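Asks: Mind folding the following:
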Amino acid sequence: MSDKADETKIRTTLGLPRGSVRALLTLIIVSVVVTESVRGHAVPIFWTETLMIAMAHYFTSRRFMQLAPEVIQRLEEEGHIEKESNPLFLPRHSIRIIILLTFVALGVYLYKQNQLFNAEALSVLGTVFAYLIGFLVKPILDWYYKGKEKDSLHWWEDTKAAVVLIVLIITAGCYLFNRPELLPVYVRNGSLCLVLFYFGSR
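Replies: This next block holds a predicted model:
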């Protein structure tokens, strides 16, 4: 009976490491978005929205509690929390690195083709890098302020929240009063990028 339970416990979808299907779906989405951008096509909104949802899975902490590595290992061995595996048999964080390098390569390619500042390119790269920069800022600040008082980061959190709220309230107000034309396009796009930056940095 216990052998059967163990067998059921370790069974994974399609026999692949846990998370492999999500990894494959994400890489397929990234490949479509990048290919369409290289071709100079406007990427359909459902692809970019799906991309952001997929990226949020990889660039957001999946554990709600910060625990010491030895505590996590013990809880995994005892079966209290799900053991994190490496999707597609790749080293840890490989999918994150592939996504990041892919969009960096896309940016370099579009820059060399003098297409980096086209509306189509900016709509994709702007939203992607706004989120990624937000994701990277927090660990950098945590490292810089390591060993200092926790209140040291309050100025950053307060300033970031105030700026995002003010910009989005102005943008939303124009839409709610049916006057979006009052906002330049770069302000509308910029407000979205700020929101993505904020969520990435949480």
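Asks: tell me, how many neighbours does Val21 end up with?
Replies: Neighbourhood size, Val21 [other C-beta atoms under 10 Å]: 15. C-beta here means a position set from N, CA and C on the backbone, and glycine is covered the same way.
Asks: Report the next helix or strand after the strand or helix carrying it in sequence order.
Replies: Assigned by DSSP states H and E, Val21 belongs to helix 20-38. Per DSSP H and E, the first helix or strand lying C-terminal to helix 20-38 is helix 45-58.
Asks: And what about Glu157, helix, strand or coil?
Replies: helix (DSSP: H, G, I helix; E, B strand; the rest coil).
Asks: do you know how far it is from Cys193?
Replies: 19 Å (C-beta to C-beta, to the nearest Å).
Asks: same check, this time on Phe129
Replies: On the measure of C-beta to C-beta, Phe129 and Cys193 end up 8 Å apart.
Asks: Scan the chain for its longest helix.
Replies: Secondary structure assigned by DSSP state H gives helix 119-144 as the longest helix of the chain.
Asks: That helix packs against which elements?
Replies: Packing partners of helix 119-144 (3 or more C-beta pairs under 8 Å, 6 or more residues apart in numbering; DSSP states H and E): helix 20-38, helix 45-58, helix 94-112, helix 185-200.
Asks: Any regions of the protein where pLDDT drops low?
Replies: For the chain, the stretches with pLDDT under 70 are 1-12, 60-69, 72, 76, 79-85, 147-152, 202.
Asks: quick one on the thing from earlier: the longest helix of the chain to helix 45-58, inter-axis angle?
Replies: With axes from the mean of the first three to the mean of the last three C-alpha atoms, to 10 degrees defining the directions, helix 119-144 sits at 10 degrees from helix 45-58.
Asks: Pull out the buried positions in helix 119-144.
Replies: For helix 119-144, the neighbour count (16 or more other C-beta atoms under 10 Å) marks 120-132, 134-135, 138 as buried.
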